[in-house]
Each structure stands twice: as C-alpha cells, then as structure tokens.
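>>> Build the 3D model from these lines:
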Amino acid sequence: MRQAHPNTGYPMRRWVFEDARGRYDIDLGDSHVDCSTVGDLTVPADLVLDYGTDAGGDRLRSLVADGYG
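Have a look, this model is predicted:
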C-alpha cells in the first residue's frame, strides 16, 4: 500500500476504504484511477487549468435562460 503524504500522515486510501465507507450514497469524486504522482502524468502543454462550470455549460445555461425568458 502506498504511504501517506509525509506532510499529512493521513492516507487517502484510509478515507475511501475505512473512514468514509457507508457514509455516502454516491461519490462523484471517485475517479477509479490508480494512485500515482504528478510526475507520472502526461499533460498536454496547452492544458488550461481553470475553475469548472458548476453553474452549467454555456449551452445548458442558454436553454434554462430561454425557458425563463
């Protein structure tokens, strides 16, 4: 098992498989990706890191706005 990050002492696996087990109906944050480091990733040079669209994408927001006039 991968060790906890040295600054936290609390491994993510402990949260997922022990502490949070059975406490939630759905986990939208679980990606089912194996544990790794940033150095293991292949990231496109033009990748934009920005805030998501939690208020919906442009198309959805336009459809909602049209529905309410």
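>>> Next one: Pro11 relative to Asp46, how far apart?
The gap separating Pro11 from Asp46 is 33 Å, by Cβ to Cβ, to the nearest Å. Just so you know, the C-beta spots here come from the backbone N, C-alpha and C atoms, and that holds for glycine as well.
>>> And for Thr37?
For Thr37, the distance to Asp46 equals 22 Å [Cβ to Cβ].
>>> what helices or strands is the helix-or-strand element of the chain with minimal mean pLDDT leaning on?
Among the helical and strand segments of the chain, the one scoring lowest on mean pLDDT, DSSP states H and E is helix 12-14, with a mean of 80. With contacts taken as 3 or more Cβ pairs under 8 Å, 6 or more residues apart in numbering; DSSP states H and E, helix 12-14 sits against no other helix or strand.
>>> So what touches the very next helix or strand once past it?
Counting by DSSP states H and E, the next helix or strand C-terminal to helix 12-14 is helix 58-68. The contact list for helix 58-68 (Cβ atoms under 8 Å, 6 or more residues apart in numbering) reads Ala55, Gly56.
>>> quick one: low-confidence parts of the chain?
1-8, 25-33 (pLDDT under 70).
>>> Now the phi/psi pair for Gly52, please.
Main-chain torsions, Gly52, degrees, to the nearest 10: phi -80, psi -170.
>>> what's the neighbour count on it?
By the criterion of other Cβ atoms under 10 Å, Gly52 has 6 neighbours.
>>> again, but for the one 5 residues further on
When neighbours are counted by other Cβ under 10 Å, Gly57 registers 10.
>>> That one and Asp46: what is the separation?
Distance, Gly57 to Asp46, by Cβ to Cβ: 20 Å.
>>> Thank you kindly, that will do.
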